[in-house]
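[1] Structure, please.
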Amino acid sequence: MNTQAQKLKEIVDKANVEHNSLKTKVLAITSGKGGVGKSMIASNLATSLVRRGYKVGIFDASIGLANLDIIFNVHTDKNLLNVLKGECSLEEIVIKIEENLFLIPGESGSEIFNFESHDIYRQLIEASDFLDTLDYFIIDTGSGINQNVQTFLEHADEVIVVTIPDPTAITDAYALIKIASLLNENLNLIVNATENEKEGRFIYERIAKVAENNLENPLFLNFLGSIDNSRIIAKSLKLRSRFTKSHPNSIASYQLNEIVDNLIFQLEHQAPASKQKNSFSLFFKRLIESF
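    Numbering: from 1, shown residues only. The predicted model follows:
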């Protein structure tokens with residue numbers, strides 16, 4: 001372990017948090033390519049969880065391409081870049097979107113690429129006292145399969161891959177699943193912008209079949225559901241609103257809520273060993289140990 005990683009480990013150990021009673025679930029939402037609605041799904045999934053009474057944090061980890069502040073329609077004077085430059089603490093940039101829903105805004109410029117992954121993880125660890133109070137911590141990763149994304153996928157409690165019916169997007173989703181299967185034997189799939197539920201199920205079965213025939217590592221690919229192409233979603237994005245909030249009785253909201261039901265069921269029926277990954281601090285401790 002190098003010196004920088006050792007310092008990070010010392011920060012975690014110094015926190016001296018009692019983990020046994022903590023239940024934070026870390027969800028990584030990712031995609032093989034951009035433009036498939038990953039951030040839209042992440043923001044609405046967070047909203048749906050809050051409606052169920054959970055306390056949720058969402059981290060815009062799409063480094064250099066952050067956009068959750070736009071989707072949530074909030075203005076950020078400072079973001080993750082300011083934290084990394086030492087201008088403020090991470091807790092100072094946390095935005096309360098509504099009761100029990102908090103955003104950690106990322107940075108959409110290129111300057112953040114001057115910082116290493118360790119810098120980001122260190123800042124998150126130092127805010128773990130606050131973040132450990134969450135029931136769910138959602139990480140909206142960047143698209144593709146770079147090292148940053150892979151590290152998040154390896155240590156999350158649940159990985160959710162988002163794709164659309166476009167052939168290129170399906171190919172990229174499979175490429176991501178192929179890499180992610182080396183890191184996590186349980187993955188979830190959401191198909192966005194479908195014509196109907198039948199199309200979403202068909203795409204899932206197609207990807208699952210290819211994975212079964214070609215991947216060396218055993219993989220359980222769970223189909224969380226699909227979301228139909230909808231004018232309501234397009235309108236909500238244009239108005240910087242979440243459709244689960246502005247149109248709670250829409251078909252899109254019904255489908256998203258069904259996805260959340262399936263996800264909660266998946267989490268509740270995990271094997272006991274997997275449930276031991278149950279706090280934000282432990283999540284980042286596992287991240288550190290991977291370096």
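[2] Contacts only, for Met40.
    By CB atoms under 8 Å, 6 or more residues apart in numbering, the contact list for Met40 reads 71, 192, 233, 237. The way it works is simple: take the backbone N, C-alpha and C, and place the C-beta from them, glycine included.
[3] hmm, try it at 7 Å
    Taking CB atoms under 7 Å, 6 or more residues apart in numbering, we find Met40 in contact with 71, 233, 237.
[4] Pull out the buried residues from those residues.
    With burial judged by 16 or more other CB atoms under 10 Å, the buried subset of the contacts of Met40 is 71, 233, 237.
[5] Going by distance to Ser31, which of those residues wins?
    Distance to Ser31, by CB to CB, is smallest for Ile71 among the buried ones among the contacts of Met40, at 15.1 Å.
[6] Pull up the gap between that closest one and Ala180, please.
    Ile71 sits 24 Å away from Ala180, going by CB to CB, to the nearest Å.
[7] Please apply the same query to Ala208.
    For Ala208, the distance to Ala180 - CB to CB - is 14 Å.
[8] Those two: who's more crowded?
    More neighbours surround Ala180 than the other of Ala208 and Ala180, with 24 against 18 (other CB atoms under 10 Å).
[9] And for Asn186, nearest residue in space, chain neighbours not counted?
    Once flanking residues are discounted, Asn186 sits nearest to Phe220: 5.0 Å by CB to CB, 6 or more residues apart in numbering.
[10] May I have the phi/psi pair for that neighbour?
    phi -100, psi 110 (degrees, to the nearest 10).
[11] does it really touch Asn184, like I thought?
    No. Here Phe220 lies out of contact with Asn184, judged by CB atoms under 7 Å, at a distance of 9.8 Å.
[12] picking that back up, flag whichever of the contacts of Met40 scores worst on pLDDT.
    Of all the contacts of Met40, Leu237 carries the smallest pLDDT score, 91.
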